[in-house]
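1. 3D model of this:
(one chain, ligands or ions: 1)
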Amino acid sequence: MILVTGISGALGGLVFQGLTAIDGLDAVGGTRAGGTARRIDFDDPASLAEGFAGVDVLVFVSAGYAEDDVVLARHGAVVDAAARAGIRHVIYTSLAGSGELMTIALPHRWTESRLAEAPFDVTILRNGLYAEVPAGLAAAGAGSAVETGVFAAALGEGRVSVVAKQDLADVAVRVAAEVERDLAAHGSSRHAGQVYELEGVTAIGGREIAEVLAEALGRQVAYQDIPLSGMRAALAGSGLEPYQVTHTISLFSNAKAGLLEARSSDLPALLAAEPRPVMEAVAEAARAGYRSQSVTAVRAG
Ligand SMILES: NC(=O)c1ccc[n+]([C@@H]2O[C@H](COP(=O)([O-])OP(=O)(O)OC[C@H]3O[C@@H](n4cnc5c(N)ncnc54)[C@H](OP(=O)(O)O)[C@@H]3O)[C@@H](O)[C@H]2O)c1
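-> Numbering: from 1, shown residues only. Model (predicted):
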């Protein structure tokens with residue numbers, strides 16, 4: 001039996017959906033919300049002991065939205081509980097190699113190390129940055145781009161390789177299904193010990209976002225790099241948690257250093273079709289961002 005954690009989340013939900021669509025595969029979902037799914041809360045080890053019962057293959061979706069010490073405690077509890085429950089193979093959704101020097105890499109690499117020492121087989125899916133990253137920047141920048149003709153961001157000339165979440169889910173579904181079948185047929189899987197770099201094959205920088213904004217908004221938009229200090233000042237009043245500000249600044253810092261553009265990826269080899277295009281998602285976010293700004297302006301006016 002396969003268990004997917006975090007099925008109320010976007011990635012976990014897509015993976016669970018994909019697995020349940022495969023005939024003859026025994027897949028169950030886990031979430032903090034419980035309900036018809038198994039209750040799996042990484043912060044509550046008792047839920048893991050109960051929730052992991054009878055599971056052969058665990059698709060362990062990272063739960064990264066917290067301070068590092070909280071994430072380490074959560075992920076450590078999952079590894080310990082999986083070992084105690086006799087799970088045979090764990091598939092962990094980690095972070096791609098291009099993000100190695102980002103602050104969010106620390107809990108991912110720590111978790112990979114803990115998994116490597118565990119008594120079960122492991123496959124690491126090193127997920128690239130989501131297309132939501134440039135899409136979010138385009139949405140946030142749409143309003144001022146209309147007013148000023150400028151899209152400002154602290155990206156320097158760096159470009160960020162990004163991937164559609166559905167592609168990452170498709171790979172997780174394929175790997176989990178193959179692991180389950182391999183275990184039944186041979187007792188171990190071809191994916192055991194593998195680390196797959198699922199980097200996006202499209203890289204998007206400030207200039208590309210400005211071009212998308214220009215097309216979506218029907219006016220010229222120029223890209224303007226801003227210093228990290230300016231970005232940090234803007235984020236201070238944004239309502240983000242302090243740890244989120246740290247991670248966000250780290251992303252821009254890595255982008256400016258040119259570190260987030262991947263040179264190679266295992267993604268195309270693991271997908272049944274070409275990786276999904278991501279520019280359209282960025283354009284749609286730009287249009288939605290502009291529409292919501294216009295609505296706010298009309299309401300305020
Ligand atoms: N590659 C990237 O660009 C990128 C960007 C942001 C985040 N991430 C990482 O990728 C993960 C999945 O992304 P997403 O877009 O699906 O995020 P999302 O939609 O915000 O979902 C958050 C996920 O975290 C799970 N979670 C939170 N606290 C948990 C806990 N105490 N115990 C168990 N699960 C917990 C949620 O599970 P339930 O709500 O179902 O319990 C849900 O699956 C994130 O959690 C984060 O670690 C990657």
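2. For the most centrally placed residue in the chain, what are phi and psi?
-> Computing the C-alpha centroid of the chain and ranking residues by Cα atoms, centre = their mean puts residue 130 first, at 5.3 Å. Main-chain dihedrals, residue 130, degrees, to the nearest 10: phi -70, psi 150.
3. ok, what's across the strand from it?
-> Residue 130 has these beta-bridge partners by DSSP bridges: residue 163.
4. any idea how far it is from residue 99?
-> When distance is defined by Cβ to Cβ, to the nearest Å, residue 130 is 11 Å away from residue 99. The way it works is simple: take the backbone N, C-alpha and C, and place the C-beta from them, glycine included.
5. now residue 76
-> 21 Å.
6. Comparing those two, which residue is more hemmed in?
-> residue 99 (25 against 16; other Cβ atoms under 10 Å).
7. which residues in the stretch 151-300 of the chain form strands?
-> Taking DSSP state E, counting those that start in this stretch, the strands of the stretch 151-300 of the chain run over residues 159-163, 195-198, 202-205, 222-225.
8. what does the stretch 1-150 of the chain give?
-> For the stretch 1-150 of the chain, applying DSSP E, counting those that start in this stretch gives strands covering 2-4, 27-31, 38-39, 57-61, 89-95, 121-127, 129-130, 150-153.
9. can you put those strands in a markdown table and add distance to residue 191 and mean pLDDT?
-> Listed next are those as a markdown table, based on distance: least, Cβ to Cβ, whole Å; pLDDT from 0 to 100:
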| stretch | distance to residue 191 | mean pLDDT |
| --- | --- | --- |
| strand 2-4 | 13 | 98 |
| strand 27-31 | 16 | 98 |
| strand 38-39 | 23 | 97 |
| strand 57-61 | 10 | 98 |
| strand 89-95 | 8 | 98 |
| strand 121-127 | 4 | 98 |
| strand 129-130 | 23 | 97 |
| strand 150-153 | 38 | 96 |
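10. Residue 253: which of those is closest?
-> In terms of Cβ to Cβ, the element of the strands of the stretch 1-150 of the chain nearest to residue 253 is strand 150-153, at 12.6 Å.
11. What strands flank the closest one, and is each parallel or antiparallel?
-> Sheet pairing for strand 150-153, using DSSP bridges, gives strand 222-225 (parallel).
12. tell me which residues of the partner strand are tucked away?
-> By 16 or more other Cβ atoms under 10 Å, the buried positions in strand 222-225 come out as 223, 225.
13. rounded to a whole number, what's the mean pLDDT of it?
-> Mean pLDDT, strand 222-225: 98.
14. Check stretch 177-197 too.
-> Across stretch 177-197, the average pLDDT comes to 97.
15. which of the residues in stretch 287-294 are buried?
-> So for stretch 287-294, counting by 16+ other Cβ under 10 Å, buried means 287, 289-290, 293.
16. Adding pLDDT, write the residues you listed out as CSV.
-> Shown next, in CSV, are these (pLDDT from 0 to 100):
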residue, pLDDT
287, 86
289, 80
290, 78
293, 70
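17. Out of those, which is nearest to the ligand?
-> When the buried residues of stretch 287-294 are ranked by distance to the ligand (Cβ to the nearest ligand atom), residue 289 comes first, at 18.8 Å.
18. so how far is residue 240 from the closest one?
-> Taken as Cβ to Cβ, the span from residue 289 to residue 240 is 18 Å.
19. thought residue 115 was touching residue 123?
-> No - taking contacts as Cβ atoms under 8 Å, residue 115 lies outside contact range of residue 123: 9.5 Å.
20. so what sits against both of the two?
-> Shared contacts of residue 115 and residue 123 (Cβ atoms under 8 Å, 6 or more residues apart in numbering): 90, 92.
21. Which residues of the stretch 101-250 of the chain lie near the ligand?
-> 127, 129-130 (Cβ under 6 Å from any ligand atom).
22. okay, and for this structure, where does confidence drop off?
-> Under the criterion pLDDT under 70, the flagged ranges of the chain are 294-301.
23. care to break it down by domain?
-> 2-129+164-198, 132-161+201-262+273-300 (automatic domain parsing).
24. Single out the most deeply packed of the ones you listed.
-> domain 2-129+164-198 (a mean of 19; mean count of other Cβ atoms under 10 Å).
25. For the ligand, what's its nearest residue on the stretch 51-200 of the chain.
-> For the stretch 51-200 of the chain, Cβ to the nearest ligand atom, closest residue to the ligand: residue 64, 2.6 Å.
26. Do I have it right that that residue meets residue 104?
-> Yes - at 6.4 Å, residue 64 and residue 104 qualify as touching, with contact defined as Cβ under 8 Å.
27. will you turn the strands of the stretch 1-150 of the chain into TSV that also has distance to residue 144?
-> Compiled in TSV, the strands of the stretch 1-150 of the chain are given as follows (distance: least, Cβ to Cβ, whole Å):
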stretch	distance to residue 144
strand 2-4	40
strand 27-31	38
strand 38-39	44
strand 57-61	35
strand 89-95	30
strand 121-127	31
strand 129-130	23
strand 150-153	7
